[in-house]
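Undergrad: quick one: sequence plus predicted model below, questions after.
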Amino acid sequence: MNTTAGFLLAVRRGCARNFRRPQNPAVSSSMVLCHEQSTQAVPAARLPYRVKVSAGKRYAWCACGHSKKQPFCDGAHRTEAPTISPLRFTPDKDKTVMLCACKQTRNAPFCDGSHFKVIFHDLVKSVKGLFK
């Protein structure tokens with residue numbers, strides 16, 4: 001596949017590609033390595049996170065789904081999904097909240113039940129896979 005076709009295919013799939021020359025001199029200099037970057041949020045989990053938040057403390061909710069410290073941001077979006085920024089919020093009182101993990105909520109960062117749709121789509125995809 002030529003690089004133009006590969007790039008267009010990646011764009012259609014919702015990914016951007018970065019091309020760079022390899023740093024290892026033992027590898028041919030004509031070889032180009034690529035690293036895919038996500039332009040869409042990735043579900044970190046299928047169910048929301050129950051989290052105790054403190055009044056006045058500032059939180060950064062991971063909107064890309066790549067963070068290892070879910071549901072909060074650890075900066076992974078800088079390399080994995082540079083077009084997606086975390087959502088910063090400050091609660092007005094101490095409380096326990098349900099923070100979205102599927103990243104499909106319309107009430108970010110709080111869960112609105114969108115994960116049921118994500119679970120349903122996963123179920124449909126797996127059932128269709130049985131009949132292929």
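TA: Here it is on my side, so go on.

Undergrad: only C-alpha atoms for contact and neighbour calcs from this point on.
TA: Noted.

Undergrad: quick check: mean pLDDT across the longest helix belonging to the chain?
TA: Counting residues, the longest helix found in the chain (DSSP state H) is helix 115-130. Across helix 115-130, pLDDT averages out at 90.

Undergrad: stretch 98-112 now?
TA: 95.

Undergrad: show me what it is in contact with.
TA: Residues outside stretch 98-112 that contact it (C-alpha atoms under 8 Å, 6 or more residues apart in numbering): 41-51, 61, 63-65, 70-71, 87, 97, 113-115, 118.

Undergrad: would you map the helices across the chain?
TA: 3-12, 77-80, 115-130.

Undergrad: any residues touching the longest helix of the chain, and which ones?
TA: Where contact means C-alpha under 8 Å, 6+ apart, the residues beyond helix 115-130 that reach it are 46-48, 101-102, 104-105.

Undergrad: export that helix to CSV, keeping only CA atoms.
TA: Included here for helix 115-130 are C-alpha records, laid out as CSV according to Å, rounded to 0.1, in the frame of the first residue of the first chain:
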residue,chain,number,x,y,z
HIS,A,115,-22.6,3.3,28.3
PHE,A,116,-25.7,1.1,27.8
LYS,A,117,-25.5,2.1,24.1
VAL,A,118,-21.8,1.2,24.0
ILE,A,119,-22.5,-2.1,25.6
PHE,A,120,-25.3,-2.8,23.2
HIS,A,121,-23.1,-2.0,20.1
ASP,A,122,-20.4,-4.3,21.5
LEU,A,123,-23.0,-7.1,22.0
VAL,A,124,-24.4,-6.6,18.4
LYS,A,125,-20.8,-6.7,17.0
SER,A,126,-20.0,-9.9,18.8
VAL,A,127,-23.2,-11.6,17.8
LYS,A,128,-22.6,-10.6,14.1
GLY,A,129,-19.2,-12.1,14.4
LEU,A,130,-20.6,-15.4,15.3
